[in-house]
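Participant: Generate a structure from the sequence data that follows.
(one chain, ligands or ions: 1)
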Amino acid sequence: MPYKRLTLSHNLLEEQRRLGRSGTFTSLMTDIITACKMVSREVNRGALVGNLGLAGAENVQGEEQKKLDVLANDIFLHMNSLGGNYAAMASEELEDVFAVTGQASGRYLLLFDPLDGSSNIDINVSVGSIFSILRLPEGANPNDADTFLQPGTQQVAAGYALYGPSTMLVLTTGDGVHGYTLDRGVGMFFLTHPDMTIPADTKEFAVNASRQRFWEPPVKRYVDECLAGKEGPRGVNFNMRWVASMVAEVHRILVRGGVFLYPMDSENAKSGGKLRLMYEANPMAFIVEQAGGLASTGKGRIMEMKPKGLHQRVPVILGSKNEVERIVDYHKG
Ligand code: P6P
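Facilitator: Residues are numbered from 1 along each chain as shown. Got it, this is the predicted structure:
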């Protein structure tokens, strides 16, 4: 019976009781959940309230900001400054650390990409928010960017909101991955996808094929073999998807398996890759690994990378375990 579902908060409380944890995660998640609901509302209202189009400025990445990029960033900063959980925050949209003032200083750090895939906004295709939570080390200065430069293995929680046909929130606190769907009539997220698990094998890959001329040999070999289908070395036909929204790609992989590649290539090598380590690759790697998948740069585990900068970019190959292992083997060869 649909009304017998668990809310997100109830499920976090149940997880706390089962794992003997303090009330930390429920409190940490409260303001993030509210921020995601608020962003979902603004994304859904879109053109009706003039939310589409460019904001007329560039972000630290040198990318033209959409109005909803700015709005989502403001919502995340405001809502997560109120609960006293976070000592400081880092955002894809901000050059430097955002200091949280006027609150009892929190013991955690929040990093986020407030609206990932925003090139899809004006064409009404799924976008999302990605977040990662780190502890504030004892005695560290929360307003120093170096304090954030912890490897992904240090994350205490990570998740994303997917603003698609339904708004979902997918979260891990290190004890598996659970998916929740927003019931707008009630204004709450309900557990709809408990214990999400990525199948070890897949016949579906996601890559921006227009970059083929830049690919390194291991990636070119892998994709060529997929494209060769039944007659090729893999002996099966593959399907390809590319949404240009990492949140949508990762969600598809969590639901039905697959592999997502945004590899290092000859054009992006100078900047280290395309996707950002701290608030895209690391949180998604935590989620994928917790769901039984793998997340690699092609040469090493993403979550073991020692970050060098808040906006550092990295190559990302993640998804079904056996497929990622094959691609990593090709990199060794
Ligand atoms: P391209 C969105 O800008 C993003 O950061 C990811 O969400 C997405 O997977 C990728 O970049 C899309 O990149 O080069 O296809 O536009």
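Participant: going forward, measure contacts between C-alpha atoms and count neighbours the same way
Facilitator: Noted.
Participant: In contact with the residue in the stretch 51-200 of the chain positioned nearest to the ligand: list those residues for me.
Facilitator: The nearest approach of the stretch 51-200 of the chain to the ligand comes at G117, 3.8 Å away (C-alpha to the nearest ligand atom). The contact partners of G117, by C-alpha atoms under 8 Å, 6 or more residues apart in numbering, come to 126-128, 244-247.
Participant: 6 Å instead?
Facilitator: 127, 245 (C-alpha atoms under 6 Å, 6 or more residues apart in numbering).
Participant: Flag every residue of the stretch 101-250 of the chain that's near the ligand.
Facilitator: When proximity is defined as C-alpha under 6 Å from any ligand atom, the stretch 101-250 of the chain approaches the ligand at 116-117, 208, 244-246.
Participant: at 5 Å instead, please
Facilitator: Proximity of the stretch 101-250 of the chain to the ligand, by C-alpha under 5 Å from any ligand atom, involves residues 117, 244-246.
Participant: top of those by neighbour count?
Facilitator: Each of those was scored for neighbours by other C-alpha atoms under 10 Å, and M246 scores highest at 26 neighbours.
Participant: Can you report how many residues neighbour P137?
Facilitator: 14.
Participant: swap that for D224, sorry
Facilitator: 13.
Participant: same thing with P233?
Facilitator: A count of neighbours around P233, defined by other C-alpha under 10 Å, yields 11.
Participant: Pretty sure it sits in a strand.
Facilitator: No. Membership of P233 in a strand is not supported by DSSP: H, G, I helix; E, B strand; the rest coil, which gives coil.
Participant: Skip the chain neighbours and tell me the closest residue to it.
Facilitator: E225 (6.2 Å; C-alpha to C-alpha, 6 or more residues apart in numbering).
Participant: residues of the one helix or strand the one you found maps to that come out buried?
Facilitator: Element membership of E225 [criterion: DSSP states H and E] is helix 217-228. Going by neighbour count (16 or more other C-alpha atoms under 10 Å), the buried part of helix 217-228 is 218-219, 222-223, 225-227.
Participant: pLDDT of the helix or strand just after that helix, averaged?
Facilitator: Where DSSP H and E defines the elements, the next helix or strand beyond helix 217-228 is strand 239-241. The pLDDT scores in strand 239-241 average 98.
Participant: now swap in stretch 326-333 and tell me
Facilitator: Averaging pLDDT residue by residue across stretch 326-333 gives 96.
Participant: Over to stretch 86-101?
Facilitator: 95.
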